[in-house]
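Chemist: Please work out how this folds:
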Amino acid sequence: GAVIYPLHIPLTETWIFNVLGYWNDALMKIIFGLFFLVLITIFYSSIRRVSSRPIAIFSTYLLTTLPLLVHHASIEYADFPLSVYFTASALFLLNYFDSKSNRYLYLSAALAGIATWTKSEATPLLLINLILLSIFYIKSKQELLPAAKNIFNCFMIVLIFKLPWSILNWVYHIPKSIYQNIEYEKVFANIDRLPVIISYFYNKMFFYGNWNIAWFVFIVILILSFNRLKEARIFYSLAYILLFLLALGTMYYITENYVWLLDGT
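Modeler: Below is the predicted model:
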């Protein structure tokens, strides 16, 4: 089937062409550079909330040196805007865990909702937010009614962005891509994929995946912070990373996206 993306990026590009008044493929891609600046700004401010200015600056510098990130900020792929929205959603959810302020929670939900309007793969990623939010309420012994109310409000905010596209797909019978079909019946049949996925992840992350020294630094920091894993910010940040890697691995395990892992894209 054809790969059908939601309309956020096409509409944004159309708006830029209308503002310019003429067709310019190169200049239109400025929006991806702006996404990069937004990511840097949100990332820095989030680190600055819990660390000193030198650490925040150095952390942001490391982020901007990732070849994979810089590459995607200069090409017309929906993957990068999706990553910006989801990362921002995660960071604002962490801010909510720190501050207990609902403004961060609802902002996180809105960004997650916009992510679903950017690329369909954002929908399963919403489960990560939901899992961590549920863990947070359980660990903090939040009363059931306020917790349920917040989860419901987040769900409704996401629906504002997700529902119109879903209705459009249903009305016009827009076909799903074969890469969006989850093959539940192959859960056991695909067991031979597991060592391949682990091997590819390991090599891509630490050797030739254009991640620079990011994962090496991550492992070092994880070892140095081992005694602080119970701290909320570190615990939930680590949980985000592990759950996201699990989500990617699951995608390759039970969908046709496995072919993209094998060919290196």
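Chemist: average pLDDT for the lengthiest helix in the chain?
Modeler: For the chain, the helix with the greatest residue count under DSSP state H is helix 144-171. Taken as a whole, helix 144-171 has a mean pLDDT of 93.
Chemist: Can you name the element that comes right after it?
Modeler: Sequence-wise, the next helix or strand downstream of helix 144-171 (DSSP states H and E) is helix 193-203.
Chemist: just checking, what packs against the helix or strand of the chain with the lowest mean pLDDT?
Modeler: Lowest on mean pLDDT, DSSP states H and E among the helices and strands of the chain sits helix 25-28, with a mean of 84. If you count contacts as 3 or more C-beta pairs under 8 Å, 6 or more residues apart in numbering; DSSP states H and E, helix 25-28 packs onto helix 8-20. For the C-beta atoms, the positions are set from N, CA and C on the backbone; glycine is no exception.
Chemist: Could you list the buried residues of the helix it packs on?
Modeler: Neighbour counts over helix 8-20 (16 or more other C-beta atoms under 10 Å) mark His8, Ile9 as buried.
Chemist: Could you shift the numbering so residue one becomes 21, and keep it that way?
Modeler: Got it, first residue is 21 now, which makes that one helix 28-40.
Chemist: Alpha carbons of it, as CSV, please.
Modeler: Extracted C-alpha coordinates of helix 28-40, given in CSV (Å, rounded to 0.1, in the frame of the first residue of the first chain):
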residue,chain,number,x,y,z
HIS,A,28,0.7,18.7,9.1
ILE,A,29,3.9,18.9,7.1
PRO,A,30,2.1,19.2,3.6
LEU,A,31,-0.1,22.0,4.9
THR,A,32,2.9,23.8,6.5
GLU,A,33,4.8,23.6,3.3
THR,A,34,1.8,24.8,1.3
TRP,A,35,1.5,27.8,3.7
ILE,A,36,5.2,28.7,3.1
PHE,A,37,4.7,28.5,-0.7
ASN,A,38,1.7,30.8,-0.4
VAL,A,39,3.6,33.3,1.7
LEU,A,40,6.6,33.2,-0.7
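Chemist: returning to that earlier point: and the helix or strand just after the least confident helix or strand of the chain, what other elements does it pack with?
Modeler: Per DSSP H and E, helix 45-48 leads on to helix 50-70 as the next helix or strand towards the C-terminus. Other elements packing on helix 50-70 under the criterion 3+ C-beta pairs under 8 Å, 6+ apart are helix 28-40, helix 73-84, helix 87-92, helix 99-119.
Chemist: now the very next helix or strand once past the longest one, how far from the centre of its chain.
Modeler: Scanning forward in sequence from helix 99-119 by DSSP H and E, the next helix or strand is helix 122-136. On the basis of C-alpha atoms, centre = their mean, to the nearest Å, helix 122-136 sits 12 Å off its chain's mean C-alpha point.
Chemist: follow-up on the earlier one: now the least confident helix or strand of the chain: buried residues?
Modeler: Met48.
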